[in-house]
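# Here is a sequence with its predicted model. Questions after.
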Amino acid sequence: MASRGGGRGQGRGRGQLTFNTEAVGIGKGDALPPSTLQPSPLFPPLEFYPVPLPSGEEGEYVLALKQELRGAMRQLPYFIRPAVPKRDVERYSDKYQMSGPIDNAIDWNPDWRRLPRELRIRVRKLQKDRSTILVPKRPPKTTEYKEETIQKLETLEKKEEELTSEEDEEKEEEEKEEEEEEEYDEEEHEEETDYIMSYFDNGEDFGGDSDDHMDEAIY
Amino acid sequence: MTQAEIKLCSLLLQEHFGEIVEKIGVHLIRTGSQPIRVIVHDTRTSLDQVKKALCVLIQHNLVIYQVHRRGMVEYEAQCSRVLRMLRYPRYIYTAKTLYNDTGELIVEELLLNGKMTMSALVKKVADRLTETMEDGKTMDYAEVSCTFVRLADTHFVQRCPLVHATENSDPGPPPPAPTLVINEKDMFLVPKLSLIDDTLALAGIAQWIELWLQMKVLPVQTPVRAHAWVAGQVPGTGHARGKGKRRRSSEDDATGEPKAKRPKHTTDNKEPIPDDGIYWQANLDRFHQHFRDQAIVSAVANRMDQTSSEIVRTMLRMSEVTTPSSAPFTQPLSSNEIFRSLPVGYNISKQVLDQYLTLLADDPLEFVGKSGDSGGGMYIINLHKALGSLATASLESVVQERFGSRCARIFRLVLQKKHLEQKQVEDFAMIPAKEAKDMLYKMLSENFISLQEIPKTPDHAPSRTFYLYTVNILSAARMLLHRCYKSIANLIERRQFETKENKRLLEKSQRVEAIIASMQATGAEAAQLQEIEEMITAPERQQLETLKHNVNKLDASEIQVDETIFLLESYIESTMKRQ
């Protein structure tokens, strides 16, 4: 707006401005406020105390709702945690910490008909011991559900263990095309736990060997 | 989108969906619509993470996609929708006040999950309610469905656009992305579900007709009559209302619209869900309309008295269905109609009602206007003017709280007189020249007031130009809105900072609580519990208390600022529509 000291060419005398200062109320010889030499402070002092926030039943309920929603959204499968960066030395506790997108699968099941085809991605089935790719063309494997009911307690831990060990394998094997099925043979992977593989029953998929799985827990 | 909005969106996305979704979302907001490869390249995240993030964002209606030429799909983020996430608690609370706990949970689940089918939603809410009820009792699915139907009838939930069914005429490869279409008439049609028992099995048309006939929230039993009437009139709606629990039913197709996913009649063990493919989302515009009505009613109550606010509330309720939400004023209502529709408890006589209406119409705020004399006087509510008054009142109160009451006096004066010279301001406000000058410059520097130049001569010489102070409400409202976004971003940052500072202490207290809970479950003595509780020392407890108090205060402030944002945004939107 007011350009100070810029109009040397046009007017004579010092501090000539482009407009008549009397019109905005600066009379002749009036003391002007000191010019600012720095940006305004980060926390300027408050002249007036702020009005208190509305309190009451409604306010408290909405507040509680807000905090609850925040907590709830963090637990939903839509909350995608970034992968924990690999530290220099692998620690024992890494296996037991839930972190980030361990593999490239999502935990919820969207309606793929409504989404562009290029967004297709694996859906991680939490109940299964193994994460097989959900392929719409192949019929679902119903035989494996019977085994699931036996190890519900161990599946989550098992899934976590497997996936950390499968992570490197998958990065090599996984391709960008979605409609591909891969089978993981458990014995191929290096297990880092103290238990032998057959402690945790994992349904092998070579066509109906479901009855052989009773030999779990060989101590 | 302004920097402040982008910052706020980034904070909201990060808080609710994590950093990966935040990165993708903010990138899309900044750069507009982009295909997936460009997103991968620009944000330097892996393709799978981008896919995950986009799935989440699309599910929550924050990103839309479009198929362009050569089969490329482009994704576009909706910044204003992201900002709505601030208002979720308010939506849920409104549903609670209108439809009790069931309604509250329905809206909450819808908002948390973005979109859901009716059957999945009803099941989830019923299970949640069952958990909170006493042992042995279970929540009836029918009751939840009934509440859902009421929500749909009053338009608080709406259907998502359906996948457009391309019939077998398209022999080529399937398109890269489905096109979604929605018909206005189908937006609130509730599909027939076998989850609800036969007396409540409604054809969509029946509800629609009922809605138009009564313009009120539907009681449960009447739609049965409408159904019978419809079944007689319109061919094809009289579906065989057979008995049986798991009756499969297809959608109502009386309107003749092509239905997207007609579930097939199969008899295999995996029963297809009857309303497969029909997703519902919360209708935020309807909630906004409700908030706006609430704001107008409470403004009238503050300015006049309870009775006049009830009258205004009645008028607004009657206009809910007849007037689109963006109209500048409601449809005219005659005084007789208003008298008939007053709530039952109110027994004021017709003359008293007429007096109140005249008073309201004469009020300088012009919330209510008189548009004719037939039927005892035709009255309208000036929605646009009401929003303008509310926005102006917000501005005035901000000036008062920030600069003091004398500044507020000057501000109101300039508002009223539209354009004033420096000298006139001093005279009218009766404030000494020096102080008036000072205050005017303060407000000018913060852009609440602006200067208008009126030249006397064609050469715009400064000495021969009038400089008038004026308030441009629209631009002042925009400026204040921008500041509101900035302040909410600051509040969120501060809250995150406070939480991070005390993270160690919070984790410790959570662990202690978990230990106490598990020990109580296994039956421990009071002495042991005492010991565990003492693991948190008194100063630490104090610190936790302070932290909790601060976080609560910051949260409450966010909610409060969001209310101001709502008023200002409504006003700006209403003004832009009229231009």
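Received, thanks. Numbers count the residues shown, from 1 in each chain, chains lettered A, B, ... in the order given.

# Tell me the residues of the stretch 351-500 of chain B that contact chain A?
Residues of the stretch 351-500 of chain B lying near chain A by Cβ under 8 Å from any Cβ of the partner chain: B:401-404, B:422-423, B:433, B:437, B:440, B:451, B:462-463, B:465-467. The C-beta positions use only the backbone N, C-alpha and C, and glycine is treated the same way.

# Of those residues - the most surrounded one?
Among those, residue B:440 has the most neighbours (other Cβ atoms under 10 Å in any protein chain shown), with 25 neighbours.

# residue ranges with poor pLDDT in chain B?
B:136-137, B:164-186, B:192-275 (pLDDT under 70).

# quick check: domain ranges of it?
B:3-77, B:80-166+B:175-193+B:276-282, B:284-381, B:406-411+B:418-471, B:477-519+B:541-575 (the TED database).

# Let me see the ranges of the strands in chain B.
B:34-35, B:63-67, B:73-77, B:116-117, B:157-159, B:162-163, B:180-181, B:279-282, B:333-334, B:368-372, B:378-381, B:419-420, B:450-455, B:465-470 (DSSP state E).

# that older thread, now tabulate the domains of chain B in TSV and tack on distance to residue A:92.
Shown next, in TSV, are these (distance: least, Cβ to Cβ, whole Å):
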stretch	distance to residue A:92
domain B:3-77	26
domain B:80-166+B:175-193+B:276-282	36
domain B:284-381	48
domain B:406-411+B:418-471	59
domain B:477-519+B:541-575	20
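
# rewinding a little: right, so of the strands of chain B, which gets closest to residue A:77?
Nearest to residue A:77 among the strands of chain B is strand B:116-117; the distance by Cβ to Cβ comes to 13.8 Å.

# Can you give the strand pairings for the closest one, parallel or anti for each?
strand B:279-282 (antiparallel) (DSSP bridges).

# Let's see which of the residues of the stretch 351-500 of chain B next to chain A end up in helices.
B:401, B:402, B:403, B:422, B:423, B:433, B:437, B:440 (DSSP state H).

# The third one: what's it in contact with?
Applying Cβ atoms under 8 Å, 6 or more residues apart in numbering or on different chains to residue B:403 gives the contacts A:47, A:48, B:439, B:442, B:443.

# Check those residues for burial and list the buried ones.
Neighbour-count burial (16 or more other Cβ atoms under 10 Å in any protein chain shown) applied to those gives B:439, B:442, B:443.

# you'd agree the last one is up against residue B:399?
If I follow you right, that is residue B:443. Yes. The criterion here is Cβ atoms under 8 Å, and residue B:443 meets it with residue B:399 at 6.8 Å.

# Identify the contacts common to those two.
Going by Cβ under 8 Å, 6+ apart, residues that sit against residue B:443 and also against residue B:399 are B:407, B:411.

# count of neighbours near residue B:375?
With other Cβ under 10 Å as criterion, residue B:375 counts 14.

# How about it: what's its closest non-neighbour residue?
residue B:334 (2.9 Å; Cβ to Cβ, 6 or more residues apart in numbering or on different chains).

# Can you give me the neighbour number for the one you found?
Neighbours of residue B:334 (other Cβ under 10 Å): 16.

# now swap in residue B:98 and tell me
By the criterion of other Cβ under 10 Å, residue B:98 has 16 neighbours.

# Relative to residue B:449, how far out is it?
Separation of residue B:98 from residue B:449 (Cβ to Cβ, to the nearest Å): 41 Å.

# ok, back up a step: would you agree the residue nearest to residue B:375 is in contact with residue B:376?
Yes. At 5.8 Å, residue B:334 counts as touching residue B:376 under the criterion of Cβ under 8 Å.

# Excluding sequence neighbours, find me the nearest residue to residue A:58.
residue B:93 (7.1 Å).

# what residues are up against the one you found?
Residue B:93 touches A:58, A:61, A:62, A:65, B:104, counting by Cβ under 8 Å, 6+ apart.

# again, only this time at 10 Å
By Cβ atoms under 10 Å, 6 or more residues apart in numbering or on different chains, residue B:93 lies in contact with A:58, A:61, A:62, A:65, A:66, B:104, B:107.

# now swap in residue B:388 and tell me
Residue B:388 neighbours (Cβ under 10 Å, 6+ apart): B:365, B:366, B:382, B:473, B:474, B:477, B:571, B:574, B:575.

# For the fourth one, which non-adjacent residue is closest in space?
Ranked by Cβ to Cβ, 6+ apart and with sequence neighbours excluded, the top spatial neighbour of residue B:473 is residue B:392, at 6.0 Å.

# any idea how far chain A is from the one you found?
Distance, residue B:392 to chain A, using Cβ to the nearest Cβ, to the nearest Å: 18 Å.

# burial measure for that residue, as a count.
Neighbour number of residue B:392 under other Cβ under 10 Å is 19.

# these two touch, right, it and residue B:415?
Yes. Counting by Cβ atoms under 10 Å, residue B:392 does reach residue B:415; the two are 6.8 Å apart.

# Give me the common contacts of these two.
B:471, B:473, B:476.

# quick one: which of those is nearest to residue B:338?
residue B:473 (30.7 Å).

# who touches that closest one in this structure?
B:388, B:391, B:392, B:395, B:415, B:571, B:572, B:575.

# could you redo the last one with a cut-off of 8 Å?
Taking Cβ under 8 Å, 6+ apart, one finds B:388, B:391, B:392, B:395, B:415 in contact with residue B:473.

# And the closest residue to the last one other than its chain neighbours, how far from residue B:559?
Put plainly, it is residue B:415. Nearest residue to residue B:415 in three dimensions, chain neighbours excluded: residue B:471, at 5.1 Å (Cβ to Cβ, 6+ apart). In this view, residue B:471 and residue B:559 are 28 Å apart by Cβ to Cβ.

# For these two, indicate the residue with more neighbours.
residue B:471 (24 against 20).

# Angles on the backbone of the more buried one, please.
phi -110, psi 120 (degrees, to the nearest 10).

# I'd guessed it sits against residue B:450; true?
Yes. Assessed by Cβ under 8 Å, residue B:471 is found in contact with residue B:450 at 7.4 Å.

# Tell me who's in contact with the closest residue in space to residue B:550 that isn't next to it in sequence.
Using Cβ to Cβ, 6+ apart and skipping the chain neighbours, the partner closest in space to residue B:550 is residue B:498 (5.6 Å). Counting by Cβ under 8 Å, 6+ apart, residue B:498 makes contact with B:547, B:550, B:551, B:554.

# before we move on, the earlier item: which one (most neighbours) among the contacts of residue B:388?
residue B:571 (25 neighbours).

# My guess is that residue contacts residue B:395. True?
No. Contact criterion Cβ under 8 Å: residue B:571 and residue B:395 do not qualify, at 10.1 Å.

# Between those two, which contacts overlap?
Joint contacts of residue B:571 and residue B:395 (Cβ under 8 Å, 6+ apart) are residue B:477.

# Could you give the number of residues near residue B:30?
For residue B:30, the neighbour count with other Cβ under 10 Å is 15.

# An error on my part: the question was meant for residue B:288.
Around residue B:288 there are 18 residues (other Cβ under 10 Å).

# Assess the claim that it and residue B:573 are in contact.
No. Residue B:288 lies out of contact with residue B:573 (Cβ under 8 Å); the separation is 9.3 Å.

# Tell me the helices and strands packed up against the lengthiest helix in chain B.
Longest helix in chain B, counting residues (DSSP H): helix B:538-578. Applying 3 or more Cβ pairs under 8 Å, 6 or more residues apart in numbering or on different chains; DSSP states H and E, one finds that helix B:538-578 makes contact with helix A:57-75, helix B:88-113, helix B:284-303, helix B:383-403, helix B:473-501, helix B:503-521.

# how about those helices, which one is nearest residue B:276?
The minimum distance between residue B:276 and these falls on helix B:88-113, with 16.5 Å, by Cβ to Cβ.

# Could I get the buried residue list for the closest one?
Residues B:88-96, B:98-99, B:102-113 are the ones in helix B:88-113 that count as buried (16+ other Cβ under 10 Å).

# how close does the nearest residue to residue B:502 once chain neighbours are set aside get to residue B:80?
Excluding the flanking residues, the one nearest residue B:502 by Cβ to Cβ, 6+ apart is residue B:547, at 5.0 Å. From residue B:547 across to residue B:80, the span is 33 Å (Cβ to Cβ).

# No further queries at this time; thank you.
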